[in-house]
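K.L.:
structure of the sequence below:
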Amino acid sequence: MSHGKQFTLYTHVGGPNGWKVALLLEELGLSYESIYLDFQKNEQKQSPHIDYNPNGRIPTLIDHKNGDFVLWESNAILLYLVDKYDTEKRLTVTDEKEKHILNQWLFFQASGQGPYFGQYSWFARYHPEKVLSALERYQKETQRVLGVLDGVLAKSPSGWLVGGKFTIADLSFYTWDRAAISSILKDVEGVDVEKQFPAFRAWHKKTEARDSVKKLTELQAGLRTQTA
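P.N.:
Coordinates of the predicted model:
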């Protein structure tokens, strides 16, 4: 493994959780090398990745300038990176109560957004049988989560989740939200994200316009083309 970059990021071309870590590394201007694991070959469950991450899921981050410190679980990685490397606190908060609110959103993303959106993707793409009740459940849960976000964002003067600015709380949702808009809800009859969730959609577009997001969206599209 080359240590020319400060970080090694084990990730996946399509996996939303890996891309949100890459987004934060870009935002912080940190150097990293991405290793894209091939899930069809089960590389995430094999050495060397499994030696670092016993859960065998992505992302896994190795910080070579901190004694090759290894961390997995995407939101834990986000917290580590801002705690150690966001010295200006651009993407986090300092107020005690706001810190807890930021953590609240990270927990909600990890427990309420990622699993539901991910389960839809599983049943839509990989499950050997078509289970319509499962697809319907996760489509409805996706709409529910978007409704929670939309309701909170509609009351936020800044249009962000916490601290009156873009933070890792907002970033943590983006890659899975993109999947919801482009895939999960795209063909659901009667759902118009723009009209039904306007505050959410405005929030998503503001994040989408960031330089880091534009850069990595282009990179991901290129990688998808190469692996198609």
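K.L.:
okay, and the nearest residue to residue 154 once chain neighbours are set aside sits in which element?
P.N.:
Once flanking residues are discounted, residue 154 sits nearest to residue 199: 3.9 Å by Cβ to Cβ, 6 or more residues apart in numbering. Using the backbone N, CA and C atoms, a C-beta is placed for each residue, glycine as well. Per DSSP states H and E: residue 199 is located in helix 198-208.
K.L.:
ok, and what's touching the helix or strand just after that helix?
P.N.:
Sequence order places helix 211-227 as the next helix or strand after helix 198-208, per DSSP H and E. Contact with helix 211-227 is made by 13-14, 19, 22-23, 26-27, 36, 174, 207-208, as judged by Cβ atoms under 8 Å, 6 or more residues apart in numbering.
K.L.:
how about a cut-off of 7 Å?
P.N.:
13, 19, 22-23, 26-27, 36, 207 (Cβ atoms under 7 Å, 6 or more residues apart in numbering).
K.L.:
give me the subset of those residues lying in helices.
P.N.:
Members of the contacts of helix 211-227 lying in helices (criterion: DSSP state H): 19, 22-23, 26-27, 207.
K.L.:
where along this structure do the helices fall?
P.N.:
Counting by DSSP H, the helices of the chain are 16-27, 49-52, 74-85, 96-108, 114-121, 132-154, 168-179, 193-196, 198-208, 211-227.
K.L.:
redo those as a markdown table? Include mean neighbour count, mean pLDDT and distance to residue 61.
P.N.:
As requested, those are exported to a markdown table (neighbours: other Cβ atoms under 10 Å; pLDDT from 0 to 100; distance: least, Cβ to Cβ, whole Å):
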| stretch | mean neighbour count | mean pLDDT | distance to residue 61 |
| --- | --- | --- | --- |
| helix 16-27 | 23 | 97 | 6 |
| helix 49-52 | 15 | 98 | 9 |
| helix 74-85 | 19 | 98 | 5 |
| helix 96-108 | 15 | 98 | 16 |
| helix 114-121 | 19 | 86 | 17 |
| helix 132-154 | 17 | 93 | 26 |
| helix 168-179 | 24 | 94 | 14 |
| helix 193-196 | 13 | 91 | 31 |
| helix 198-208 | 18 | 96 | 21 |
| helix 211-227 | 13 | 92 | 16 |
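K.L.:
any chance of the ones you listed in JSON lines, with distance to residue 59 too?
P.N.:
Output for the helices of the chain, formatted as JSON lines (distance: least, Cβ to Cβ, whole Å):
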{"stretch": "helix 16-27", "distance to residue 59": "4"}
{"stretch": "helix 49-52", "distance to residue 59": "10"}
{"stretch": "helix 74-85", "distance to residue 59": "6"}
{"stretch": "helix 96-108", "distance to residue 59": "15"}
{"stretch": "helix 114-121", "distance to residue 59": "12"}
{"stretch": "helix 132-154", "distance to residue 59": "21"}
{"stretch": "helix 168-179", "distance to residue 59": "11"}
{"stretch": "helix 193-196", "distance to residue 59": "27"}
{"stretch": "helix 198-208", "distance to residue 59": "19"}
{"stretch": "helix 211-227", "distance to residue 59": "13"}
